[in-house]
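Participant: Using only what follows, build the 3D model:
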Amino acid sequence: MVVGIDPGRNVGVAFVQQDGRLERALIITLDQLTTLSIPLGATLVVGGGTGSEPVQAALRHRRLAFVVLDEHGTSLEARTLYFRDYPPRGLKRLIPQGLWWPPRPLDDYAAYAIALRYLKG
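Facilitator: Residues are numbered from 1 along each chain as shown. Model prediction:
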């Protein structure tokens, strides 16, 4: 399993199987990261963008190994992944895709994008 972590004001976390299937995704605070249950043997992948250092420090404090990955563009990838899983319905589906706007923060899907990037190598 790969656990993708999108650092920032909100911390996105995505638990992803080796085949790229999203198991679980959540948005937490940095404080919650200190007690988050990480599956044994999971590979932790942290986005290297804004807010990465406090996340890395929290993981180091827990003595967890992790890989830092460039997260440039993962916000756009997160939108694509979100709308793949939750396509607009009704009249909203007629709006051009570039104008679709998610109804909630996508930090968890940004973490999913980071995990997928790691899996693609």
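
Participant: Can you name the residues bridging to the residue nearest to residue 64 when sequence neighbours are not counted?
Facilitator: Computed as Cβ to Cβ, 6 or more residues apart in numbering, the closest residue to residue 64 that is not its neighbour in sequence is residue 44, at 5.9 Å. C-beta here means a position set from N, CA and C on the backbone, and glycine is covered the same way. On the basis of DSSP bridges, residue 44 is bridged to residue 3.

Participant: most residues in a single helix of the protein, which one?
Facilitator: Determined from DSSP state H, the single longest helix within the chain is helix 107-120.

Participant: Only alpha carbons, please: show that one as PDB.
Facilitator: Extracted in PDB, the C-alpha atoms of helix 107-120 (Å, rounded to 0.1, in the frame of the first residue of the first chain):
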ATOM      1  CA  ASP A 107      -6.600  17.900  -0.400                       C
ATOM      2  CA  ASP A 108      -7.400  14.100  -0.100                       C
ATOM      3  CA  TYR A 109      -7.600  13.800  -3.900                       C
ATOM      4  CA  ALA A 110      -4.300  15.700  -4.200                       C
ATOM      5  CA  ALA A 111      -2.800  13.100  -1.900                       C
ATOM      6  CA  TYR A 112      -4.300  10.500  -4.200                       C
ATOM      7  CA  ALA A 113      -2.600  12.100  -7.200                       C
ATOM      8  CA  ILE A 114       0.800  12.100  -5.300                       C
ATOM      9  CA  ALA A 115       0.400   8.400  -4.500                       C
ATOM     10  CA  LEU A 116      -0.500   7.600  -8.200                       C
ATOM     11  CA  ARG A 117       2.600   9.600  -9.300                       C
ATOM     12  CA  TYR A 118       4.800   7.500  -7.100                       C
ATOM     13  CA  LEU A 119       3.200   4.300  -8.400                       C
ATOM     14  CA  LYS A 120       3.800   5.300 -12.000                       C
END
